[in-house]
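# Next input, structure requested:
(chains A and B)
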Amino acid sequence: MKKILFVLLFCAYFSNDLSAQQSSKEALEIIKKVDKNMFSETQIITSEMIVYGKRKSRTIRSKGYSKGQQNNLTEYLSPEREKGTKMLKLDNRLWIYSPATDRTIQLSGHLLRQSVMGSDLSYEDMMEERKLSDLYNTKIVREEIYQGRPSWIMELTAFVDDLAYDKRILWVDKNRFVPLKENLYAKSGILLKTTLFMNIKQIDGRWYPTRLNYKDVLKDGKGTDFVILDIKFNPAISDEYFSKSILRK
Amino acid sequence: MKLALKLAFKNLWGAGTRTVLNVLVLSFSFVIIILLNSIMDGWDQQAQKDSIVWEFGEGHLLHKQYDPLDSFTILDGHGPIPKNQLGITPILVYQATIYPQGRMKGIVLKGIDSNQTILELPIEKVKTSEAKFPVIIGKRLAESAKLNKGDEVQIRWRDKNGTYDANTLTIVDVFDSNVPNIDNGQIWMDIKTLWKMTDLNQEASFFVADKNYKAEALPLWRFKSQEALLKQLKDLINQKKTGQAIIYLLLMAIALLAVFDTQILSIFRRQKEIGTYIALGMTRSRVVRLFTIEGSMYSILALIVGSIYGIPFFMYLAQVGFAVPPADQKMGIAIAEVIFPIYGIKLVLSTILLVVISATIVSYLPARKIAKLNPVLALKGKQQ
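A predicted model of the protein is given here:
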């Protein structure tokens, strides 16, 4: 009798472990598909950032060029005050060029944690473009219908030390492999930021959100909207866009 | 000399209102000079004392990469506590963000041993609190962030790897210090709590030294003596003193101009008298001395009159102090709500000398003309 009980318990444990492994493998596959959907080798994006203030909101239009996960150039197109300002990210370094002063400054240390033009996004948030599958252990927590779409709710736990967010909860569209919502957590488990992915459209054969809302939940306010006006995946971009000399051009 | 003094006094007495006005203006300058300088000396002494007991101790042992005036150095400006060092209290400095009433505010976290006695910070109050993250803040941060004793506030920070963490701080005390450097935008907690929060165990950004500390060369650290730390404050006060000197020198110039004017008028109108003095056998230099003494008598009278109303006023001010306007207290320098003036013997004597010597000089300058007067023409009362 004892032997049978032991075998049954062993089988139950083993099958649980196996299903957990399968779930984890499935979750990783899902995240890889999400990464594949959201990332491309090169990208050119024309977008608007809408920063909601207490009394009025500001809209900042920009054009961004990115290559791989490390190189990014953003040029602000409007309003007039910000026009011509450029932000260049090369690996872990970030430079900002201001045409008003004709000076380039490199941001480092705590300055990278400052808000970008009063938005809910920090420079670091904007710099972080690494693939989720390279950074987080993933598991499917449950499935639910979110915003009318069947979705997986996935928990991502960092296995890399130097990440800004230790844990993420991601709502992923089951059919389109695109994130619908993301919660970012502190090490203590306190929710820090929420991102909503909206207006999902099919562009060049992939589903992509064209309106995002970033919200620092510890802060009052409506957060910051990021509206994609135009996006090109894998266009040819010259290397000169990712050198410091482009800042003054 | 006795005759000269007697004559001078009689002449001044005879001048009536003119003498009263000159003496009053000069005495006013005398009182203002002592008042302004004594307030500055009082501020200087109070600011130095407060800075030592709240911030500097006997000096700071700073991490070589940490500069208290440069927030960019906070991230890397810390290191392991050196071994076998006596008489130093470690302080770890770390950046964080608090969210009072849903607003985002960058602050500096400072961890110090809750058993320390070197600084007057009431950090021991965190020991008796049952809160997970008990902290103390100064009145300035409490005012700007609208926080009170007993309030809780969300805090977000990054550990040494850069990963965000967040929790709730409990304010167990709001302290009142005249030193804004330890208050503005700063939150104090037990260093052990900060070590746990940041994973920077047994690390410090700087140390406060006490009398037992003996400075020695350490590879990662540099010592800044109390004198060096106070230099900035002293320079600032000296700069303020120079600015104030312009005010009282202007006042002094007006008073001396009145004396100078009176002397010129006297010599112009009293030519017959001058001629008589010379005719009666006085040498020209004696007449010049007489008029000079007459002028400098204004300063002696001004000192007497100034003392009559100045001494009670100074004594009263020494009791109640000089209230500093709230706007001045937010300047970012160590300044108390009330400054008690200090009347040093050096200050009083130097002011007396300044008033007497300058009054004598401006009395002598017009009197020099007497030496060139023709006594016959002077006796006839003819203008020269």
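# what's the burial count for residue B:290?
By other CB atoms under 10 Å in any protein chain shown, 22 other residues sit near residue B:290. C-beta coordinates here come from the backbone N, C-alpha and C atoms, glycine included.
# Now do the contacts for it.
By CB atoms under 8 Å, 6 or more residues apart in numbering or on different chains, residue B:290 lies in contact with B:4, B:7, B:8, B:277, B:282.
# at 7 Å instead, please
B:4, B:7, B:8 (CB atoms under 7 Å, 6 or more residues apart in numbering or on different chains).
# State the distance from the first one to residue A:134.
Spatial separation of residue B:4 from residue A:134 under the definition CB to CB, to the nearest Å is 101 Å.
# Compare the two (neighbour count), which wins?
residue B:4 (17 against 12).
# Please, where are all the strands along the chain?
I went with chain A, as the question did not name one. Ranges of strands in chain A, per DSSP state E, are A:42-52, A:57-67, A:71-78, A:86-90, A:93-98, A:103-107, A:136-146, A:149-158, A:167-173, A:179-185, A:191-203, A:206-216, A:224-233.
# wrong chain, I was asking about chain B
Here chain B has its strands, by DSSP E, at B:59-63, B:79-80, B:88-99, B:105-112, B:134-138, B:152-158, B:164-175, B:186-190, B:203-204, B:206-209, B:221-225, B:322-323, B:338-339.
# Sheet partners, orientation included, of the second one?
What that stands for is strand B:79-80. Neighbouring strands of strand B:79-80 in its sheet, by DSSP bridges, are strand B:203-204 (antiparallel).
# Please state the offset of the strand it pairs with from the chain centre?
34 Å (CA atoms, centre = their mean, to the nearest Å).
# And the contacts of residue B:290, which is closest to chain A?
residue B:8 (68.1 Å; CB to the nearest CB).
# Spatially nearest residue to that closest one (excluding sequence neighbours)?
Of all residues not flanking residue B:8 in the chain, residue B:294 sits nearest, at 4.0 Å (CB to CB, 6 or more residues apart in numbering or on different chains).
# Can you name the residues that contact that neighbour?
Taking CB under 7 Å, 6+ apart, one finds B:8, B:11, B:12, B:363 in contact with residue B:294.
# number of nearby residues for residue B:125?
17.
# That one and residue B:136 touch, don't they?
Yes - Residue B:125 is within contact range of residue B:136, at 6.1 Å (criterion: CB atoms under 7 Å).
# Need the residues touching each of these two.
With CB under 7 Å, 6+ apart as the test, residue B:125 and residue B:136 both reach B:172, B:173.
# Show me how the chain divides into domains.
Let's take chain A. Here the domain parsing of chain A from automatic domain parsing is A:32-38+A:130-230, A:42-123+A:235-248.
# that's the other chain; I wanted chain B
As given by automatic domain parsing, the domain ranges for chain B are B:2-52+B:231-380, B:59-212.
# tell me how far the ends of the shortest one are from each other?
In domain B:59-212, first residue to last residue: 11 Å (CA to CA, to the nearest Å).
# The longest one too?
This stretch, domain B:2-52+B:231-380, spans 28 Å end to end (CA to CA).
# ok, how many other residues are close to residue B:334?
For residue B:334, the neighbour count with other CB under 10 Å is 24.
# circling back: want to throw the strands of chain A into TSV with mean neighbour count, mean pLDDT and distance to residue B:370?
Listed next are the strands of chain A as TSV, based on neighbours: other CB atoms under 10 Å in any protein chain shown; pLDDT from 0 to 100; distance: least, CB to CB, whole Å:
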stretch	mean neighbour count	mean pLDDT	distance to residue B:370
strand A:42-52	18	92	81
strand A:57-67	18	92	79
strand A:71-78	19	91	80
strand A:86-90	19	89	80
strand A:93-98	17	89	72
strand A:103-107	13	87	69
strand A:136-146	15	93	100
strand A:149-158	19	94	96
strand A:167-173	22	95	97
strand A:179-185	21	95	92
strand A:191-203	17	93	88
strand A:206-216	19	92	85
strand A:224-233	17	93	85
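# how much space between residue B:149 and residue B:66?
For residue B:149, the distance to residue B:66 - CB to CB - is 31 Å.
# Please identify which of these two sits among more neighbours.
With neighbours defined as other CB under 10 Å, residue B:149 and residue B:66 compare such that residue B:66 has more, 21 against 14.
# Contacts only, for whatever residue of chain A ends up closest to chain B.
Using CB to the nearest CB, the single residue of chain A nearest to chain B is residue A:220, 3.3 Å away. By CB under 7 Å, 6+ apart, the residues touching residue A:220 are residue B:102.
# can you give me phi and psi for it?
The phi and psi values for residue A:220, taken as degrees, to the nearest 10, are phi -70, psi 160.
# For residue A:53, see how far away it is.
As for residue A:220, its distance to residue A:53 is 11 Å (criterion: CB to CB).
# Let me see the contact set for residue 65.
Reading this off chain A. A:44, A:73, A:237, A:241.
# try again with chain B
Contacts of residue B:65 (CB under 7 Å, 6+ apart): B:73, B:76, B:77.
# and if we set it to 10 Å?
B:73, B:74, B:75, B:76, B:77, B:78, B:79, B:205, B:220 (CB atoms under 10 Å, 6 or more residues apart in numbering or on different chains).
# for residue B:159, same thing?
Applying CB under 10 Å, 6+ apart, we find residue B:159 in contact with A:161, A:166, A:186, A:187, B:94, B:165, B:196, B:197, B:198, B:199, B:200.
# count of residues packed around the closest residue to chain A within chain B?
Proximity to chain A, evaluated over chain B using CB to the nearest CB, is greatest for residue B:102 at 3.3 Å. Neighbour count for residue B:102, taken as other CB under 10 Å: 12.
# Same question for residue B:220.
13.
# Angles on the backbone of it, please.
Torsion angles, degrees, to the nearest 10, at residue B:220: phi -100, psi -10.
# Pairing-wise in the sheet, spell out the partners of the closest residue in space to it that isn't next to it in sequence.
Leaving out its chain neighbours, the residue that sits closest to residue B:220 by CB to CB, 6+ apart is residue B:79, at 4.8 Å. Judged by DSSP bridges, the bridge partners of residue B:79 are residue B:204.
# And the one 10 residues further on, by the same measure?
Each beta-bridge partner of residue B:89 is listed here: residue B:208, as defined by DSSP bridges.
# check contacts around it.
Residue B:89 is in contact with B:57, B:61, B:112-113, B:115-119, B:191, B:204, B:206-210, B:213, counting by CB under 10 Å, 6+ apart.
# got the residues of chain B near chain A?
Residues of chain B lying near chain A by CB under 10 Å from any CB of the partner chain: B:71-76, B:95-99, B:101-104, B:106, B:154-168, B:197.
# Tell me who's in contact with the residue nearest to residue B:247 when sequence neighbours are not counted.
The shortest distance from residue B:247 to any non-neighbouring residue, by CB to CB, 6+ apart, is to residue B:36 (7.1 Å). Residues near residue B:36 by CB under 10 Å, 6+ apart: B:241, B:244, B:245, B:247, B:248, B:251, B:341.
# got the residues you listed as a markdown table, with neighbour count and pLDDT columns?
A markdown table is the format used below for these (neighbours: other CB atoms under 10 Å in any protein chain shown; pLDDT from 0 to 100):
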| residue | neighbour count | pLDDT |
| --- | --- | --- |
| B:241 | 15 | 81 |
| B:244 | 16 | 79 |
| B:245 | 15 | 81 |
| B:247 | 12 | 81 |
| B:248 | 19 | 79 |
| B:251 | 18 | 81 |
| B:341 | 20 | 88 |
